[in-house]
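Asker: Next input, structure requested:
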Amino acid sequence: MKYAITMYLAGAGAALAHPGHDLNLPQEGVSHWLAAPVHAPGLILLAAVLGGLAVWRAARNRD
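Answerer: All right, here's what the predicted structure looks like:
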């Protein structure tokens, strides 16, 4: 429950990120996320956030 609001906002942000999809691209699964160019900024942001959290946790556990 600690991260419920963050997860909700992340999900809502993904749902409202763009109005539609190119119907020529796969519509479901991992191939959809990797093939659709509108998802690239979100994937880059997700990787940056997860990387930042990993570095933060590593620095915190070092002490």
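Asker: what's the pLDDT at V55?
Answerer: With respect to pLDDT, V55 scores 94.
Asker: how many neighbours does it have?
Answerer: 10 (other CB atoms under 10 Å). All C-beta atoms are positioned from the backbone trio N, CA, C, and that covers glycine.
Asker: in the helix or strand containing it, what counts as buried?
Answerer: Applying DSSP states H and E as the criterion places V55 in helix 40-62. Of all the residues in helix 40-62, those buried under the rule 16 or more other CB atoms under 10 Å are G42.
Asker: Quick one: end-to-end length of stretch 31-40, please.
Answerer: The separation between the terminal residues of stretch 31-40, taken as CA to CA, to the nearest Å, is 12 Å.
Asker: how close does the spatially most central residue of the chain get to P26?
Answerer: By CA atoms, centre = their mean, the mean C-alpha position of the chain lies nearest to L46, the distance being 4.0 Å. Counting by CB to CB, to the nearest Å, the gap from L46 to P26 is 19 Å.
Asker: Equivalent analysis for H32, please.
Answerer: Taken as CB to CB, the span from H32 to P26 is 5 Å.
Asker: again with Y8
Answerer: Counting by CB to CB, the gap from Y8 to P26 is 27 Å.
Asker: Neighbour count for these two, which is higher?
Answerer: Applying other CB under 10 Å to Y8 and P26 shows that P26 carries more neighbours, namely 14 against 10.
Asker: pLDDT below threshold where in this structure?
Answerer: Scanning the chain for pLDDT under 70 picks out 1-2, 9-22, 63.
Asker: Go again with 90.
Answerer: Filtered on pLDDT under 90, the chain yields the residue ranges 1-47, 61-63.
Asker: how would you label Q27: helix, strand or coil?
Answerer: Assigned with DSSP: H, G, I helix; E, B strand; the rest coil, Q27 falls in the coil class.
Asker: for it, phi and psi?
Answerer: phi -100, psi -10 (degrees, to the nearest 10).
Asker: residues near it, how many?
Answerer: Counted with other CB under 10 Å, Q27 comes out at 12.
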